[in-house]
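> Task: produce atomic coordinates for the following.
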Amino acid sequence: AWIPSSTTGLTPSVATRHRVRVTSVATPSISAASREAFSVTLGTTTDFYVNDAASGADEYTSAAGDNRKTGKTAGDPKSSLIALLRSYHLEPGDLVRIDAGTYNHVRNIIISGNLSVGDDEGATFQGATGANGGTTVLDRANNFNLSTNIELNDGDEVTLKNLVLQGAHNGLWVRNNSIR
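Next comes the predicted model:
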């Protein structure tokens, strides 16, 4: 893993965005640049945020979610849980705050301690408490066999709170020695 330091000239920040340009030393006319801007953040965050585009009943975030955002602050939330899980390796003690709203997922959310399947075991996934009148709904929108909202596949010590799981054959599928 590459970790920015003072010698690289990059200061970790969720507010600053960057692009990468690569140029061939042998043939300088050959170059490419990143399409999307990205941020360089510190790896010490234990709280993560997900939010939809609406803000009426939000409890945790202060901005609309966008998968180009970092998901590391209330003002920079991702727009889907799948995007957050693809961006970070969550560990025990990490807290994912999923704000009020309905989140449609196009594939199963797999939480596992087996790196060949996924990762992120031990984290807590917290939906809205209803303090502002909202609920957090994870909608798989696919009730065919083996579709699931959340699959714990050899995923231990995972906590799910205040989440409505709908639109799947299985809302929660706990298997392969997943334990509490």
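
> Please report the number of neighbouring residues for V106.
Residues near V106, counting by other CB atoms under 10 Å, number 9. Glycine gets a C-beta too; all of them are placed from N, C-alpha and C.

> most centrally placed residue in the protein?
L84 (1.4 Å; CA atoms, centre = their mean).

> Any idea how far stretch 139-156 is from the middle of the chain?
Relative to the chain's own centre, stretch 139-156 is displaced by 16 Å; criterion: CA atoms, centre = their mean, to the nearest Å.

> Name the residues of that stretch that come out as buried.
The neighbour-count check on stretch 139-156 (16 or more other CB atoms under 10 Å) flags R140, N142, S147, T148, N149, I150, E151, L152, N153, D154, G155 as buried.

> Check stretch 93-105 too.
Judged by neighbour count (16+ other CB under 10 Å), stretch 93-105 contains these buried residues: D94, L95, V96, R97, I98, D99, A100, G101, Y103, H105.

> Throw those into CSV and include distance to K161, pLDDT and secondary structure, thanks.
Shown next, in CSV, are the buried residues of stretch 93-105 (distance: CB to CB, whole Å; pLDDT from 0 to 100; DSSP: H, G, I helix; E, B strand; the rest coil):
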residue, distance to K161, pLDDT, secondary structure
D94, 14, 94, coil
L95, 10, 97, strand
V96, 10, 97, strand
R97, 10, 98, strand
I98, 10, 97, strand
D99, 13, 97, coil
A100, 13, 96, coil
G101, 16, 95, strand
Y103, 15, 96, strand
H105, 18, 92, coil
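
> immediately after the lowest-mean-pLDDT helix or strand in the chain, which helix or strand?
When the helices and strands of the chain are scored by mean pLDDT, DSSP states H and E, strand 38-40 comes last with a mean of 64. Downstream of strand 38-40, the next assigned helix or strand under DSSP states H and E is strand 47-50.

> Give the other helices and strands that the helix or strand just after that next one contacts.
For strand 47-50, the following helix or strand on the C-terminal side (DSSP H and E) is helix 81-87. Other helices and strands packing on helix 81-87, by 3 or more CB pairs under 8 Å, 6 or more residues apart in numbering; DSSP states H and E, are strand 47-50, strand 95-98, strand 109-111.
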